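# I'd like to go over a predicted model; first the sequence, then the structure.
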Amino acid sequence: HQTVLDCYYSCVVLFLAYFVLQVIYARRKYKISPPKTTGHPEFERIFRAQVNCSEYFPIFISLLWVAGIFLHQGVAAACGLLYLYTRFKYFQGYIVAAQGRLGPLYASAWLLWLLLGLAVVGLLAHFLLS
């Protein structure tokens with residue numbers, strides 16, 4: 001039964017859309033046309049923050065999926081919500097200053113490791129106990 005995770009994945013996509021919209025707004029604000037990725041320092045930080053969040057999305061969603069299916073949907077979703085919160089704080093911190101991203105970056109990395117651990121435990125339990 002995938003209901004919790006299915007709804008969650010839709011929310012994750014909306015969350016990433018927020019980051020993309022921030023880049024679009026910054027492009028307009030600072031008059032930086034695609035495909036340029038340089039210009040005003042604030043635009044560059046917003047663009048880089050969005051790219052960094054997007055780069056980790058496949059890892060995050062894969063671990064969330066495996067942990068949710070093979071271990072527990074609720075636990076995976078709770079970790080996922082914390083991860084999204086830390087990435088949001090990462091994004092906000094990066095916009096202000098590059099150093100502002102570090103605390104949330106470490107927290108989100110820790111949560112990815114936790115999701116990896118949950119996924120491994122779930123897979124081991126599934127294949128060794130069945």
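That came through fine.
# and the host helix or strand of residue 76, what does it pack onto?
Per DSSP states H and E, residue 76 falls inside helix 73-96. Applying 3 or more C-beta pairs under 8 Å, 6 or more residues apart in numbering; DSSP states H and E, we find helix 73-96 packed against helix 3-30, helix 41-70, helix 102-129. For every residue, glycine as well, the C-beta is placed using N, CA and C.
# can I get these in a markdown table with distance to residue 85?
Below are these laid out as a markdown table (distance: least, C-beta to C-beta, whole Å):
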| stretch | distance to residue 85 |
| --- | --- |
| helix 3-30 | 10 |
| helix 41-70 | 13 |
| helix 102-129 | 9 |
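# mean pLDDT for those: which is lowest?
When the helices and strands packed on helix 73-96 are ranked by mean pLDDT, helix 3-30 comes last with a mean of 88.
# so what does it touch, helix or strand wise?
helix 41-70, helix 73-96.
# how distant is the first one from the center of its chain?
What it means is helix 41-70. Centre-to-centre, helix 41-70 and its host chain are 4 Å apart (C-alpha atoms, centre = their mean, to the nearest Å).
# swap in the last one?
On the basis of C-alpha atoms, centre = their mean, helix 73-96 sits 6 Å off its chain's mean C-alpha point.
# can you give me the buried ones in that helix?
Within helix 73-96, the residues scored as buried using 16 or more other C-beta atoms under 10 Å are 73, 76-77, 79-80, 82-84, 86-91, 93-95.
# so which of the helices and strands packed on helix 73-96 is the most packed in?
Among these, ranked by average contacts under mean count of other C-beta atoms under 10 Å, first place goes to helix 41-70 (a mean of 18).
# how near is residue 25 to residue 79?
30 Å (C-beta to C-beta, to the nearest Å).
# same check on residue 94?
22 Å.
# cool, and residue 3?
Using C-beta to C-beta, residue 3 is found at 18 Å from residue 79.
# before we move on, the earlier item: tabulate the helices and strands packed on helix 3-30 (JSON lines), appending distance to residue 117.
Compiled in JSON lines, these are given as follows (distance: least, C-beta to C-beta, whole Å):
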{"stretch": "helix 41-70", "distance to residue 117": "9"}
{"stretch": "helix 73-96", "distance to residue 117": "10"}
